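S.K.: Need the 3D shape of this:
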Amino acid sequence: MAVEKWIAIASLGLFVMFVAQMISISVYLVHPAYDIDPSSEMKEFISISIAPALVLAGSSFMLARKYGSRLVGSLIIAGGVVTIVGMSYVSTLIPKIIPAYIVPELTLSPIIFTISSIPVIVIGALLFRLKPVPKRDYFFDR
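M.R.: Okay, here's the model as predicted:
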């Protein structure tokens, strides 16, 4: 596989990891066993998963945009769809969380990352529209 395919796979993995982290922290905060700071946990989850996922999705798009790739486009679209579905589930869990643990990072993250996953889906779909540029044999094109 080419580098952009592996980067797209890593991006999808990080999108899935972010959704899993958000769901796990939200489920935990419904009935916490001990006291935690959800604000710092959210900042940690954003910095180690969703921010690199967005950068990797953009990088794989930039690498594949010259010739288009259905696989890379599908992986990028899947990352955006996973994020939208996961954030909608997290939004349903937020009203069940104990009010002492509701922080702005927890309430705004599903909205922000649902909105930010829409451009991810769009750039993935752009790879389907691109026509492959034929590879040229420069030695014989003289």
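S.K.: quick one, helices of the protein?
M.R.: For the chain, applying DSSP state H gives helices covering 3-30, 38-45, 51-64, 70-93, 104-129.
S.K.: List the buried residues for the shortest one?
M.R.: It refers to helix 38-45. Across helix 38-45, burial judged by 16 or more other CB atoms under 10 Å covers 38, 41-42, 45. Using the backbone N, CA and C atoms, a C-beta is placed for each residue, glycine as well.
S.K.: any chance of those residues in CSV, with distance to residue 58 and pLDDT too?
M.R.: Below are these laid out as CSV (distance: CB to CB, whole Å; pLDDT from 0 to 100):
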residue, distance to residue 58, pLDDT
38, 28, 89
41, 26, 89
42, 22, 90
45, 20, 91
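S.K.: First-to-last residue distance for stretch 92-99?
M.R.: Using CA to CA, to the nearest Å, one end of stretch 92-99 lies 15 Å from the other.
S.K.: That stretch - what's its average pLDDT?
M.R.: If you average the pLDDT over stretch 92-99, you get 92.
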